[in-house]
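**Q** build the 3D model from these lines:
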Amino acid sequence: MDGDQQLDYLSPLPRRRDIGIGCIGAGFIMADCHLEAYRRAGFNPVAIAARSKASAEAVRDRYGIARAYGDYRQLLSDPSVQVVDIAVPPDAQPAIIAEIAQRPGRIRGILAQKPLAGSYREALKVVDLCREAGLLLVVNQNMRYDHAVRACKTLLQRGALGTPILATIDMRAIPHWMPWQERQGWLTLRIMSIHHLDAFRYWFGDPTRIYASVTSDPRTAQKFIHEDGICLSILEYASGLRCASTDDVWAGPAREGAEADLSVGFRIEGTAGLAIGTIGWPAYPERRPSTLDYTTTAGGWQRPRWSEAWFPDAFVGPMAELLRDLEGTEPARTTGADNLLTMALVDAAYRSARLHRAVAVEEIVNESGEE
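**A** Numbering: from 1, shown residues only. Coordinates of the predicted model:
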């Protein structure tokens with residue numbers, strides 16, 4: 001890239017990469033995304049734990065990690081572990097974080113998965129525990145680190161697009177749902193839509209309210225009951241900006257015999273420019289980098305391209321942010337405290353869908369107890 005195409009699309013790396021990382025979980029996200037990204041970045045995973053020690057050992061051998069455990073508590077007692085990377089289902093994650101918070105100060109930071117917990121209120125308890133224990137908590141909202149999403153943030157920060165007027169994210173993709181989702185009682189809003197709602201927050205800040213409408217996904221409904229399969233959301237900002245997310249996990253009968261037409265795209269329209277992006281993850285395991293095209297009132301289309309892809313390359317970003325904070329280079333931004341507002345926005349979407357009205361984010365934040 002050169003000239004106007006120089007965009008901040010790569011996550012900055014820490015100076016120190018020898019901090020011992022203990023990994024809890026040995027499933028796809030850890031084995032194929034986190035650890036692959038860490039290997040490429042030169043980070044230092046020193047131990048891994050999973051409910052099945054055999055699974056932990058398989059991932060240990062794959063990445064040359066020193067130790068494998070069949071109980072995460074053994075990993076937390078490992079003296080080489082200074083940072084804990086958690087990749088477990090959301091109903092199991094708060095208890096692990098609480099266990100870490102109860103231990104003395106050798107462990108300095110935690111990278112947790114999104115959703116941080118099953119609700120805003122549960123997430124607030126987790127954040128409070130970490131704050132009281134002096135633990136740095138970062139949440140793996142990894143779409144923020146997709147290269148097209150980061151590059152578009154640069155355009156917005158520079159004012160290249162002028163005042164944002166309308167932004168949309170359109171997802172037509174079939175996720176690989178995990179077995180543990182059946183016991184959660186929810187589906188798309190906390191697993192997929194949360195990416196898009198957080199991306200809007202990353203780009204534009206916090207909206208005033210959200211209106212959401214949901215219906216079940218016919219394919220997944222054959223496996224378990226849920227309400228939030230296909231989800232439509234509208235975000236209203238005090239500035240007049242409007243954002244809309246279409247989260248279509250049905251995407252047509254592509255698994256039932258029809259041809260597939262799967263994609264994720266975004267579009268941001270401003271008073272001085274237009275940005276159009278694609279997100280490459282629906283093609284996984286094919287390596288397909290995301291793209292960004294933009295034009296301004298200065299004229300002409302710019303089409304920067306890069307070789308990095310969201311899966312797995314963007315997964316270096318959250319851990320790099322945590323490590324940079326710990327070494328004193330730059331404060332982390334995707335902290336647990338920041339993520340509470342994403343969690344509140346998701347809870348507001350559930351309430352909106354249930355009550356068929358717009359819901360202000362402050363309705364969720366200002367409540368004294370659970371719904």
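
**Q** helices of the stretch 151-300 of the chain, residue ranges please.
**A** 188, 194-204, 218-221 (DSSP state H, counting those that start in this stretch).

**Q** please identify the most buried of those.
**A** Greatest average neighbour count among those goes to helix 188 (a mean of 25), per mean count of other CB atoms under 10 Å. C-beta: built from backbone N, CA, C; applies to glycine.

**Q** packing partners of that one?
**A** Judged by 3 or more CB pairs under 8 Å, 6 or more residues apart in numbering; DSSP states H and E, helix 188 has no packing partners among the helices and strands.

**Q** contacts for that helix?
**A** The contact list for helix 188, computed with CB atoms under 8 Å, 6 or more residues apart in numbering, reads 214, 217, 228-231, 247, 249.

**Q** in space, what's closest to the residue most central in space within the chain - neighbours in sequence excluded?
**A** Against the mean C-alpha coordinate of the chain, by CA atoms, centre = their mean, the closest residue is residue 141 at 2.2 Å. Spatial nearest neighbour of residue 141, excluding adjacent residues (CB to CB, 6 or more residues apart in numbering): residue 198 at 4.7 Å.

**Q** that neighbour touches residue 140, doesn't it?
**A** No. With contact defined as CB atoms under 8 Å, residue 198 does not reach residue 140; the gap is 10.7 Å.

**Q** who touches both of those two?
**A** With CB under 8 Å, 6+ apart as the test, residue 198 and residue 140 both reach residue 114.

**Q** quick check: domain ranges of this protein?
**A** 3-142, 144-311+342-352 (automatic domain parsing).

**Q** ranges for the strands of the stretch 151-300 of the chain?
**A** 164-172, 209-215, 230-236, 242-248, 263-270, 273-279, 291-296 (DSSP state E, counting those that start in this stretch).

**Q** so for residue 365, which of these sits nearest?
**A** Of all the strands of the stretch 151-300 of the chain, it is strand 209-215 that lies closest to residue 365, at 12.3 Å by CB to CB.

**Q** quick one, phi psi at the residue nearest to residue 28 when sequence neighbours are not counted?
**A** Distance criterion CB to CB, 6+ apart; nearest residue to residue 28, sequence neighbours excluded, is residue 176 at 7.8 Å. Main-chain torsions, residue 176, degrees, to the nearest 10: phi -90, psi 90.

**Q** now render the strands of the stretch 151-300 of the chain as JSON lines, adding mean pLDDT, mean neighbour count and distance to residue 367.
**A** Below are the strands of the stretch 151-300 of the chain laid out as JSON lines (pLDDT from 0 to 100; neighbours: other CB atoms under 10 Å; distance: least, CB to CB, whole Å):
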{"stretch": "strand 164-172", "mean pLDDT": "98", "mean neighbour count": "20", "distance to residue 367": "28"}
{"stretch": "strand 209-215", "mean pLDDT": "98", "mean neighbour count": "20", "distance to residue 367": "15"}
{"stretch": "strand 230-236", "mean pLDDT": "98", "mean neighbour count": "22", "distance to residue 367": "20"}
{"stretch": "strand 242-248", "mean pLDDT": "98", "mean neighbour count": "21", "distance to residue 367": "24"}
{"stretch": "strand 263-270", "mean pLDDT": "98", "mean neighbour count": "20", "distance to residue 367": "32"}
{"stretch": "strand 273-279", "mean pLDDT": "98", "mean neighbour count": "21", "distance to residue 367": "34"}
{"stretch": "strand 291-296", "mean pLDDT": "98", "mean neighbour count": "20", "distance to residue 367": "39"}
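
**Q** what strand or helix carries the closest residue to residue 138 other than its chain neighbours?
**A** Nearest residue to residue 138, sequence neighbours excluded (CB to CB, 6+ apart): residue 322, at 4.3 Å. Using DSSP states H and E, residue 322 sits in helix 316-326.

**Q** from the contact counts, what lies against that helix?
**A** With contacts defined as 3+ CB pairs under 8 Å, 6+ apart, helix 316-326 has these neighbours: helix 35-41, strand 83-86, strand 109-113, strand 136-140.

**Q** what's the burial count for the residue nearest to residue 28?
**A** Residues near residue 176, counting by other CB atoms under 10 Å, number 6.

**Q** distance of it from residue 61?
**A** Separation of residue 176 from residue 61 (CB to CB, to the nearest Å) stands at 24 Å.

**Q** ok, now residue 203?
**A** For residue 203, the distance to residue 61 - CB to CB - is 41 Å.

**Q** and what of residue 355?
**A** 51 Å.

**Q** can you check residue 167 too?
**A** From residue 167 to residue 61 the distance is 44 Å (CB to CB).

**Q** for the stretch 251-371 of the chain, give me the ranges with low pLDDT.
**A** 368-371 (pLDDT under 70).

**Q** isn't there a helix covering residue 346?
**A** Yes. Using DSSP: H, G, I helix; E, B strand; the rest coil, the assignment for residue 346 is a helix.
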